[in-house]
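Participant: Take a look and give me a structure for this.
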Amino acid sequence: MESRRLSILCSHLRPGSGPSLTRQIPVSRSICGAGSTNTNQQPSDCDLNDCVFCKIIRGESPAFKIYEDDICLCILDTHPLSRGHSLIIPKSHFPSLKATPPAVVAAMCSKVPFISSAILKATGSDSFNLLVNTGTAAGQVIFHTHIHIIPREALDCLWASESLRRRPLNIDQEASRLADRVREQLSLPDNSGDSKDEGSSLTGN
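Facilitator: Numbers count the residues shown, from 1 in each chain. I've put the predicted structure just below:
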């Protein structure tokens, strides 16, 4: 089971594209939090005992740790899409970004400039993608929130979608209705947004 989960850690990535692990460093032990009690977990959600990231956090599985603090740690992806591909993982178990408390998300994101700068310098890259897969259709296979930092090189052709021609948004009634529907969802009690714009006019950015 462990080897299978490691093999599908990032199924959307190219298998076998990274070097084999030769010097793994156990991370500090930490007790996974109570995020697994979330009632909105998907069928493929893993529990704390079976979660590969929780095992790494508890020190039961090895990993190449490059950063750690009280809330999160960052490790090298075991199936990297590019050299230096890393994952920022919260130490508490939350199955999705939606289930992760805003304070934890903020703590993870606050480390992105610091960690990504070090990764780019170490790899000699000057660009990277920041990626979160949320839900099965989006490619999430490990249901423990994590953020990908993926160093890029010119013409590396990592994303097939980058070669697709993007169509401009049609500024019509459907776009206006969509914007209204999103704003309506943001205004519901279960959303934590503090500011809500009104109307459906197109605004400049």
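
Participant: buried sites along stretch 52-68?
Facilitator: By 16 or more other C-beta atoms under 10 Å, the buried positions in stretch 52-68 come out as 52-58, 61-66, 68. Glycine gets a C-beta too; all of them are placed from N, C-alpha and C.

Participant: Regarding this protein, what is its longest helix?
Facilitator: helix 173-186 (DSSP state H).

Participant: For it, list every residue counted as buried.
Facilitator: By neighbour count with 16+ other C-beta under 10 Å, helix 173-186 contains the buried residues Ala179.

Participant: Send me that helix as PDB with only the CA atoms.
Facilitator: Extracted C-alpha coordinates of helix 173-186, given in PDB (Å, rounded to 0.1, in the frame of the first residue of the first chain):
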ATOM      1  CA  GLN A 173     -24.900  38.300 -20.500                       C
ATOM      2  CA  GLU A 174     -23.600  34.800 -19.700                       C
ATOM      3  CA  ALA A 175     -20.300  36.200 -18.400                       C
ATOM      4  CA  SER A 176     -22.300  38.800 -16.400                       C
ATOM      5  CA  ARG A 177     -24.600  36.000 -14.900                       C
ATOM      6  CA  LEU A 178     -21.600  33.900 -14.000                       C
ATOM      7  CA  ALA A 179     -20.000  36.800 -12.200                       C
ATOM      8  CA  ASP A 180     -23.300  37.400 -10.400                       C
ATOM      9  CA  ARG A 181     -23.500  33.800  -9.300                       C
ATOM     10  CA  VAL A 182     -20.000  33.800  -7.900                       C
ATOM     11  CA  ARG A 183     -20.600  37.000  -6.000                       C
ATOM     12  CA  GLU A 184     -23.800  35.400  -4.700                       C
ATOM     13  CA  GLN A 185     -21.900  32.400  -3.400                       C
ATOM     14  CA  LEU A 186     -19.300  34.700  -1.800                       C
END
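
Participant: ok, back up a step: next step: the buried residues of stretch 52-68 restricted to strands.
Facilitator: Mapping the buried residues of stretch 52-68 onto strands (DSSP state E) picks out Lys65, Ile66, Glu68.
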